[in-house]
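1. please work out how this folds:
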Amino acid sequence: MGLLIRIVLAFMKVSAIAFGGAYATIPLVEEEAVVVQGWMTYGEFADLIAIDEITPGPILINSATFVGMRVAGIPGAIAATVGCIIIPCIFVMILLVLYRRFHDSALMEGAMVSLKCMAVALIASTFIKLGLNALLPEGVAPDLATGIFSVAVICGAFYLINQKKISPLPVMLGCGAVNLLAHLLFL
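-> Okay, here's the model as predicted:
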């Protein structure tokens, strides 16, 4: 099967099961791009997510576009993006009709609660995987200074975003600059 068809089908599969919004889709893209297809490593995928966070647009489409671009250039980016939007467009139209008809039913309410719980589990999974990759980039036994520095950067970013109410974009850019400077000078 051609590479572009594989890319379209891979992202149709991801988008067909991608419930819960932006962060809930990250483990699905990771599974497809790293484990199933072998198009990139876990470290490369973590880099992709970092880039994805500072670019505007939906995370699933951005991630798919980045993966497609890495695998097959511009045609791959287009194939991945198309693969991402076909199934959700069909689902949304079907769900809109069903929701309008059954929005007051107990079955619909139960389905919505289940989807919310699934989204929380997927987001938690993403948080844990990305956190471990940030704290332990070299595996289980990272350099102690790197691990301490990573924890300090994470805590500082959390403080600035949640306590000082600074927008995430300047905090992410600042963290990148601090990390680059630290690695050039000390680590």
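
2. so what touches stretch 155-162?
-> Stretch 155-162 has contacts (C-beta atoms under 8 Å, 6 or more residues apart in numbering) with 166-168, 171-172, 174-175. C-beta here means a position set from N, CA and C on the backbone, and glycine is covered the same way.

3. now secondary structure, neighbour count and distance to Val14 too, for the residues you listed, in CSV please.
-> Below are these laid out as CSV (DSSP: H, G, I helix; E, B strand; the rest coil; neighbours: other C-beta atoms under 10 Å; distance: C-beta to C-beta, whole Å):
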residue, secondary structure, neighbour count, distance to Val14
Ile166, coil, 14, 32
Ser167, coil, 9, 29
Pro168, helix, 13, 24
Val171, helix, 17, 29
Met172, helix, 15, 24
Gly174, helix, 15, 32
Cys175, helix, 17, 28
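
4. for Gly68, state which of those is nearest.
-> Closest approach to Gly68 among those (C-beta to C-beta): Met172, at 23.5 Å.

5. residues in contact with the closest one?
-> Counting by C-beta under 8 Å, 6+ apart, Met172 has contacts 50, 53-54, 157.

6. of the residues you listed, keep whichever come out buried.
-> Restricting these to buried positions leaves Ala157, with burial counted as 16 or more other C-beta atoms under 10 Å.

7. tell me the pLDDT at Val97?
-> pLDDT for Val97: 91.

8. repeat for Ile26
-> With respect to pLDDT, Ile26 scores 84.

9. which element is it on?
-> Per DSSP states H and E, Ile26 falls inside helix 22-30.

10. give me the contact list for that helix.
-> Here helix 22-30 has contacts from 14, 17-18, 42, 45, 49, 58-60, 63-64, 67, 118-119, 122-123, 125-127, 129-130, using C-beta under 8 Å, 6+ apart.

11. distance from the chain centre to the longest helix along the chain, please.
-> If you go by DSSP state H, the chain has its longest helix at helix 59-102. With C-alpha atoms, centre = their mean, to the nearest Å as the basis, helix 59-102 stands 14 Å off its chain's centre.
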